[in-house]
Structures are given as structure tokens and as C-alpha cells.
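here are the coordinates; sequence isn't available:
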């Protein structure tokens, strides 16, 4: 649990589970009753359209208001050190640049294993995320550690490739050692209403993953509305996603708190309907400890303690770790360190 207090210092909020108002799509409203029945969902465009467009609508103003309200809450001083370490443990340390080299990836893996060489008590990150061509290098560098190895795949970041190419991309990454795959959906197909195509492609990638976990990137900044974010989240989960992920980090806007709120409510409702828990990954544009802690408060207040672990919530970032380490040092010593305290890569 991440203990928080409201802006007026009124004391802790949260607790053992979600608290607060009903949320922009209605807290706890089951899928069924006046809405679509999950067991009846077919896999044709017509059936999926009927289900997805029958989901409760999202009040965008309400979502913005709710996240703004939660942003005024701060993590209590006594819990901040735990929260910073939790954010580090939830981090997918990422390099996805055209100029990536074996040396850069090895350096990133060393930082993932031991983020602060001067402090052996600093926890490792959750995973390193690289391109498929760099998976073998990263796998060798991470061997014998608990750090997971994620690879983007399926013609990242555009997703504009034949399905056969996407499946081959996934197979190659898993064969090279990736135990997590971050795929992108075909946004053109989704926005055109070709839901069965999107569903079947995700399901096919899921099969190619084998034991590797599948994170499905929605690229929420291209979807146009929070209603579409909710539909895309459900479609990915119906197809077998282990995680739903906001963004590639290659476009703006990337992760936003209203978007993540809607995705959290979707995974909460999906678990209520199916019994299966799905994780959420917020990626792109999260650079500071203050921003990361806001997301942790959002997680606790929306879905509660079951999602407050690296197994169920992740940050995708490249520069966030540096600020987390600076804040961690400040909490330990009482003094801020300069930016040269931590290495950039």
C-alpha cells in the first residue's frame, strides 16, 4: 500500500483497496445486466462491434476531474522511500533508438541490474526493453538475474506490416531470449472498425509468445477518445493480452493520467467479469518521480493493492530512473545531488 494524504494534510487516504467516487465509467458496474454479456461475445466484426460499443461510455470531463483530484494527493513522507523503490521495481528501462549499439544495450542492462552501484540496497528494475535485433545482446547481459527482457515486435512502432511479418518478428524475439513481447495493434484497422482483424492478430501473436508475456500497445494518442481507449483495452484483453500498454513513446500525447485511469478501470472490470487479471503499462513522457508517484496513487485509488506490484503495473521509460535515483538519494541523505550523481545511460 502507498499511504497518501490529501493536499490539505487531512491524513491518509486509500487503504486496502480503491476509494473515492464512482469513477468516470462507474465503479464496479458489471459487464452484463443492462450492458453486453461477456460469454456471448463472438469473434466477428459485427459481434465485437456490438460488444465494444455496448460498454459503458466514458465521461471525459469526469476522468479529467478525477485525475486532477488525485494529483493533489501526496505520498506521505514515511511511505515515500517505499514508493520510490516500488517505482524503480516497476520500471521497464528502455532504449528504442535507431542508433542503439551492443555497447549501449550492455550498459543499459548493467544499470538495470544495479541502478545505483554505490548502494547495493537499491532494487533492480523490472525489465529492459529493446528492439528484436538487440535481444541476444541483452539476454547475455541479463543472464542469471531476475530482470526480465522485453522486446518490441510486430513492426514497432507503426504496426504497418503483413501479419506474417509480425509473427516472424515475434518468433525471432522469443527465440533470442525475450520473455516479454510489446506488440502494437493495427490502429488503422481498429479505427476502421475491423475489430476481428485486430483481435485475431493479437491472438496469433499471443500464440507465438508461448510462455512469454504479451503487452499490447494501444497507441492511445492516435485513438481519438477515451471511449476508444476503453474499447481497445477490452479488445486486447479478449484476445489474450497479459498487459495493456498506453503508447510506443514515439508520438505525443503518450501516457496521460486520464488515459491510464480508463485502462485501469477496464482491467478491473475485465477481472470482475472473467476472473483473469491483466496488467497495465504506462509508457511515454513520464520523466519525474513526482509524475511516477501520481500514477501509483492512481493505481491504488482505482484498482487497489492487487495491482501495486511489478507483476501488474509497469512504467516504460528511459529517463525516469535517473530522477528516481536522485530522489532516493535525497531521501537517504537529506540533500539533493546534482544530475551528475547518476549516469545517463
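That came through fine. Quantities reported herein were computed from a predicted structural model and do not represent experimental measurements.

hey, let's count contacts and neighbours off CA atoms from now on
Fine.

which non-adjacent residue is nearest residue 148?
In this structure, residue 148 finds its nearest non-sequential neighbour in residue 127, 4.2 Å apart by Cα to Cα, 6 or more residues apart in numbering.

is it correct that that neighbour is in contact with residue 95?
No - applying Cα atoms under 8 Å, one finds residue 127 not in contact with residue 95, separated by 11.5 Å.

the residue nearest to residue 148 pairs with what?
Note on residue 127: beta-bridge partners residue 92, residue 148, judged by DSSP bridges.

what pLDDT does the model give residue 120?
According to the prediction, residue 120 has pLDDT 92.

ok, it - how many residues close by?
Residue 120 has 10 neighbours, counted by other Cα atoms under 10 Å.

ok, now which ones touch it?
Listed by Cα atoms under 8 Å, 6 or more residues apart in numbering, the contact partners of residue 120 are residue 114.

now it: how far from residue 114?
Taking Cα to Cα, to the nearest Å as the criterion, residue 120 is separated from residue 114 by 7 Å.

what's around residue 288, how many residues?
Neighbours around residue 288, by other Cα under 10 Å: 15.

now the phi/psi pair for it, please.
In this entry, residue 288 is assigned phi and psi values of phi -120, psi 160 (degrees, to the nearest 10).

residue contacts, it?
Listed by Cα under 8 Å, 6+ apart, the contact set of residue 288 reads 320, 323-324.

quick one: the strands in this protein, in order.
Counting by DSSP state E, one finds strands in the chain at the ranges 4-5, 12-13, 74-75, 91-94, 127-130, 148-152, 180-184, 213-217, 243-245, 279-283, 313-317.

turn these into JSON lines, including mean neighbour count and distance to residue 235.
Formatted as JSON lines, those follow (neighbours: other Cα atoms under 10 Å; distance: least, Cα to Cα, whole Å):
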{"stretch": "strand 4-5", "mean neighbour count": "22", "distance to residue 235": "33"}
{"stretch": "strand 12-13", "mean neighbour count": "18", "distance to residue 235": "33"}
{"stretch": "strand 74-75", "mean neighbour count": "22", "distance to residue 235": "34"}
{"stretch": "strand 91-94", "mean neighbour count": "26", "distance to residue 235": "24"}
{"stretch": "strand 127-130", "mean neighbour count": "29", "distance to residue 235": "24"}
{"stretch": "strand 148-152", "mean neighbour count": "27", "distance to residue 235": "20"}
{"stretch": "strand 180-184", "mean neighbour count": "26", "distance to residue 235": "13"}
{"stretch": "strand 213-217", "mean neighbour count": "26", "distance to residue 235": "10"}
{"stretch": "strand 243-245", "mean neighbour count": "28", "distance to residue 235": "10"}
{"stretch": "strand 279-283", "mean neighbour count": "26", "distance to residue 235": "14"}
{"stretch": "strand 313-317", "mean neighbour count": "26", "distance to residue 235": "19"}
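
mean pLDDT lowest where, among these?
Looking at the strands of the chain, the bottom one is strand 12-13 with a mean of 30.

how about the strands of the chain in JSON lines, adding distance to residue 191?
Rendered in JSON lines, the data for the strands of the chain read as follows (distance: least, Cα to Cα, whole Å):
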{"stretch": "strand 4-5", "distance to residue 191": "39"}
{"stretch": "strand 12-13", "distance to residue 191": "39"}
{"stretch": "strand 74-75", "distance to residue 191": "38"}
{"stretch": "strand 91-94", "distance to residue 191": "28"}
{"stretch": "strand 127-130", "distance to residue 191": "27"}
{"stretch": "strand 148-152", "distance to residue 191": "22"}
{"stretch": "strand 180-184", "distance to residue 191": "14"}
{"stretch": "strand 213-217", "distance to residue 191": "15"}
{"stretch": "strand 243-245", "distance to residue 191": "17"}
{"stretch": "strand 279-283", "distance to residue 191": "21"}
{"stretch": "strand 313-317", "distance to residue 191": "25"}
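
looking at these, which is nearest to residue 67?
Between residue 67 and the strands of the chain, the shortest separation by Cα to Cα is 13.0 Å, and it involves strand 74-75.

show me what that closest one is packed against.
strand 4-5, helix 289-302 (3 or more Cα pairs under 8 Å, 6 or more residues apart in numbering; DSSP states H and E).

in TSV: those, plus distance to residue 216.
Rendered in TSV, the data for these read as follows (distance: least, Cα to Cα, whole Å):
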stretch	distance to residue 216
strand 4-5	30
helix 289-302	19
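
weakest of these in terms of mean pLDDT?
Summarising mean pLDDT across those, the least confident stretch is strand 4-5, with a mean of 60.

show me what contacts the residue nearest to residue 148?
For residue 127, counting by Cα under 8 Å, 6+ apart, the contacting residues are 91-93, 112, 147-150.

repeat for residue 109
By Cα under 8 Å, 6+ apart, residue 109 lies in contact with 128, 138, 141-142.

list just the nearest of the residues you listed to residue 57.
Using Cα to Cα, residue 128 is the member of the contacts of residue 109 that sits closest to residue 57, with 35.6 Å.

wait, that closest one touches residue 90, no?
No - contact between residue 128 and residue 90 fails when scored by Cα under 8 Å: they sit 11.0 Å apart.

buried residues in the longest helix seen in the chain?
When the chain is scanned for its longest helix (criterion: DSSP state H), the result is helix 257-274. By neighbour count, with 16 or more other Cα atoms under 10 Å as the criterion, the buried positions of helix 257-274 are 257-270, 273.

try stretch 55-65
Of the residues in stretch 55-65, those with enough neighbours to count as buried (16+ other Cα under 10 Å) are 55-56, 58-60, 63-64.

lovely, talk soon.
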